[in-house]
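# I'd like to go over a predicted model; first the sequence, then the structure.
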Amino acid sequence: MSVSIILEHLLMVVAAVFCSILVGLPLGIASYFFTRVRRIILFVADVLQTVPSLALLGIIMIFVGAGKTTVIIGITLYSLLPIVRNTYLGLSEVDPGVKEAARGMGMSRFYRLMHVELPLAFPIIFTGIRIATVNAIGTVVFAASVGGGGLGAIIYKGIRVMNMKWIAFGTLSLMAMAIVFDIAMGGIETRLNRKFSGPSN
């Protein structure tokens, strides 16, 4: 029972972050390439994260209904800002000399993006994914309020019946999950930064 609840929570987090990457990366690239839509994309992503998570889930539930689908859509929207912003920043901070050299070699715009700019920007992009993942772990707790289950369900149930064991299990599992993901992804982030930081390493 306890393991299944943790896995249920983790599955929603992974699904939501995966969807936010699928949506956030193209939006970040569009922000980098197209000045006219940049402010709109960043503004919308910022507004989505500003809206309280419970309110956002409630609005989505009106159209989709209660359940995990509502949670995944809500957390996907809620996780867009760090991924979109870091994708844009990462691409913007690629050395102009490298871009010019790639252009001088006759690379097309798409080829430069896929084989030069995105690989160099990936450490910053990954930082955004890390932030989105850790935030999602905590935000998915609200899944219980829209019938999504997860660790939030056992925490809320423990509060209702004053069962301290359930509350402790839920909160400690949540903290442990967030810490493990943060440390693991932080280690990957450090390696990426060392890899792309230059020949001094």
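Sure thing, it's come through.
# which residue, neighbours along the chain excluded, lies closest to residue 66?
residue 147 (3.5 Å; Cβ to Cβ, 6 or more residues apart in numbering). (C-beta placed from N, C-alpha, C; glycine too.)
# give me every residue that touches the one you found.
By Cβ atoms under 8 Å, 6 or more residues apart in numbering, the contact set of residue 147 is 66-67, 70.
# same deal with residue 192?
122-123, 126.
# repeat that for residue 107.
Counted by Cβ under 8 Å, 6+ apart, residue 107 has contacts 115-116.
# SS state for it?
For residue 107, the secondary structure call by DSSP: H, G, I helix; E, B strand; the rest coil comes out as coil.
# so how far is residue 130 from it?
30 Å (Cβ to Cβ, to the nearest Å).
# which one is the residue most central in space within the chain nearest to, not counting chain neighbours?
With distances taken as Cα atoms, centre = their mean, the residue of the chain nearest its centroid is residue 132 (2.8 Å). Sequence neighbours aside, residue 79 is the residue nearest to residue 132 in space, at 3.9 Å (criterion: Cβ to Cβ, 6+ apart).
# hang on, isn't that neighbour packed against residue 138?
No. Under the criterion of Cβ atoms under 8 Å, residue 79 makes no contact with residue 138, lying 11.4 Å away.
# more neighbours, the two?
It is residue 79, of residue 79 and residue 138, that has more neighbours when counted by other Cβ atoms under 10 Å, with 29 against 16.
# okay, that one: pLDDT?
pLDDT for residue 79: 93.
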